[in-house]
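Q: Below are the sequence and a predicted model for it; my questions follow.
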Amino acid sequence: MRVAIATGGGDAPGLNAVIRAVVLSAYYRGWKCYGIQRGYEGLLSFNGVVPLGPPEVRGITHLGGTILGTTNRGNPFRYVMRRESGEEYELDRSDDLVAAFRASGFDAMISIGGDGSLQISHDLWRKGLPIVGVPKTIDNDVSGTQRTFGFDSAVATATEAIDKLHSTAESHDRVMVVELMGRYAGWITLYSGLSGSADVILLPEIPFDIEKVCDKIRSREAAGRHFSIVVVAEGARPRDGTVELVERRGVGTVDRLGGIASKVARTIEHHTGKETRTLVLGHLQRGGSPTTYDRLLALRFGTAAVRAIADGAFGTMVGLNGPDITRVPLEQVVGRAKNVPLDSDTIRTARDLGISLGD
């Protein structure tokens with residue numbers, strides 16, 4: 001059995017742990033593994049196929065990033081090409097990818113990625129590619145699994161940053177507005193904001209009223225608490241329907257959210273008179289070593305993906321459901337973003353603690 005491994009989309013702590021788990025689990029079955037470099041680019045645009053055995057994955061469980069590299073521009077169904085004039089356009093090269101896969105003699109593919117990569121995996125499976133998905137994203141917004149690896153590490157990074165902001169905010173009597181990743185899901189912001197004792201948490205799932213945010217800051221001021229911590233998800237939006245802040249990035253790329261913290265901070269300062277500063281953590285949340293939880297989850301996912309191949313369970317994704325790793329059909333995963341439930345115990349906990357959610 002010859003198994004190909006690809007990592008696509010944004011990087012996340014734990015990717016290397018999955019790769020190591022796949023390679024070792026396959027090795028002890030007598031199988032061979034090969035890494036596809038930079039997503040599917042290694043099959044489409046250059047000879048980027050590398051053999052992976054125990055020596056190549058030794059000592060990588062604790063490392064962040066991915067030894068195979070990754071890209072956000074490698075969708076074979078919308079592959080970005082460039083004309084002689086320099087103009088970019090999209091071309092469906094999925095048949096080329098399937099042909100390259102078969103020409104390489106592979107028997108199965110393990111695709112490690114988030115919602116976009118899993119959608120590609122589903123479409124490739126429908127074209128006949130024997131593929132198994134592994135859910136990866138710091139955003140934790142993939143359906144079919146309670147957790148994605150990378151999420152716990154991102155929350156730990158964000159919580160540590162919020163912890164450190166308390167002292168400087170209190171020293172200067174300032175309002176600090178922290179912008180976190182997550183796109184249209186507020187998992188990172190809710191978990192780190194709650195754990196980091198934020199005073200205001202603004203989520204994409206709950207459109208906020210900036211006056212309610214300012215009321216919370218004013219009430220703290222009246223109570224002698226002259227500083228506040230506001231944690232806002234990059235995809236949060238005001239109740240008044242103001243268009244979200246999106247940077248259009250061109251052909252074949254995902255639009256980039258950002259800038260909401262600056263807008264919220266300016267409005268708070270204008271309405272309350274409080275000196276307000278912003279911090280955008282950005283890609284710090286993606287970097288560094290995975291937490292113990294993410295390492296273990298990634299190792300479990302990787303070995304479960306190999307077991308799925310052994311059972312011929314293609315067109316599925318492995319996921320954490322209850323205490324066990326299960327298999328979920330990709331058709332039940334794609335196109336179904338997992339957002340924070342508004343009636344969840346974690347939301348109720350935030351409200352019971354007096355945290356403002358902007359509503």
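A: The structure has been received and is ready for your questions.

Q: Next, the buried residues of stretch 291-310.
A: For stretch 291-310, the neighbour count (16 or more other CB atoms under 10 Å) marks 291, 293-309 as buried. Heads up, the C-betas are built off the backbone N, CA and C, glycines and all.

Q: So which of those belong to strands?
A: Using DSSP state E, the subset of the buried residues of stretch 291-310 located in strands is empty.

Q: Which residue ranges of the stretch 51-200 of the chain form helices?
A: All helices of the stretch 51-200 of the chain, identified by DSSP state H, counting those that start in this stretch, fall at 94-103, 115-126, 151-172, 187-195.

Q: Just put these in TSV and tack on distance to Met81.
A: Shown next, in TSV, are those (distance: least, CB to CB, whole Å):
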stretch	distance to Met81
helix 94-103	12
helix 115-126	17
helix 151-172	34
helix 187-195	35
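
Q: Where does the prediction get shaky in this protein?
A: Judged by pLDDT under 70, the chain has its weakly predicted residues at 242-256.

Q: Domain-wise, how is it divided?
A: Here the domain parsing of the chain from automatic domain parsing is 2-149+290-332, 156-286.

Q: got the end-to-end distance for the last one?
A: So the one you mean is domain 156-286. Separation of the first and last residues of domain 156-286 by CA to CA, to the nearest Å is 11 Å.

Q: now that domain, how far from the centre of its chain.
A: 19 Å (CA atoms, centre = their mean, to the nearest Å).

Q: re earlier: among the domains of the chain, which is nearest Ala350?
A: Of all these, domain 156-286 sits nearest to Ala350, with 5.4 Å by CB to CB.

Q: beta partners of the residue nearest to Asp215 when sequence neighbours are not counted?
A: The shortest distance from Asp215 to any non-neighbouring residue, by CB to CB, 6 or more residues apart in numbering, is to Ser356 (7.7 Å). Listed beta-bridge partners, Ser356: Val200 (assigned using DSSP bridges).

Q: what about Val231, how many residues close to it?
A: 32 (other CB atoms under 10 Å).

Q: ranges for the helices of the stretch 201-350 of the chain?
A: Along the stretch 201-350 of the chain, the segments classed as helices by DSSP H, counting those that start in this stretch run 210-222, 260-272, 292-310, 345-352.

Q: Rebuild the ones you listed as TSV, extending it with distance to Tyr79.
A: Converted to TSV, the helices of the stretch 201-350 of the chain look like this (distance: least, CB to CB, whole Å):
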stretch	distance to Tyr79
helix 210-222	42
helix 260-272	32
helix 292-310	25
helix 345-352	40
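
Q: Nearest to Ser104, out of the ones you listed?
A: helix 292-310 (16.2 Å).

Q: Who are the packing partners of the closest one?
A: helix 15-27, strand 108-113, strand 131-135, helix 151-172, strand 316-321, strand 324-329 (3 or more CB pairs under 8 Å, 6 or more residues apart in numbering; DSSP states H and E).

Q: Can you name the next helix or strand after the first one?
A: Looking back up the chat, that one is helix 15-27. Sequence order places strand 32-36 as the next helix or strand after helix 15-27, per DSSP states H and E.

Q: Which SSE is immediately downstream of that following strand?
A: helix 41-44.

Q: Dump that next one to PDB, keeping only the CA atoms.
A: Extracted in PDB, the C-alpha atoms of helix 41-44 (Å, rounded to 0.1, in the frame of the first residue of the first chain):
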ATOM      1  CA  GLU A  41       1.200  21.800  -5.700                       C
ATOM      2  CA  GLY A  42       3.700  19.000  -5.500                       C
ATOM      3  CA  LEU A  43       1.700  17.000  -8.000                       C
ATOM      4  CA  LEU A  44       0.500  19.900 -10.100                       C
END
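
Q: quick revisit: pretty sure the residue nearest to Asp215 is touching Leu203, no?
A: No - between Ser356 and Leu203 there is no contact under CB atoms under 8 Å: 11.5 Å.

Q: Which one of the helices of the stretch 201-350 of the chain lies nearest to Ala21?
A: helix 292-310 (2.7 Å).
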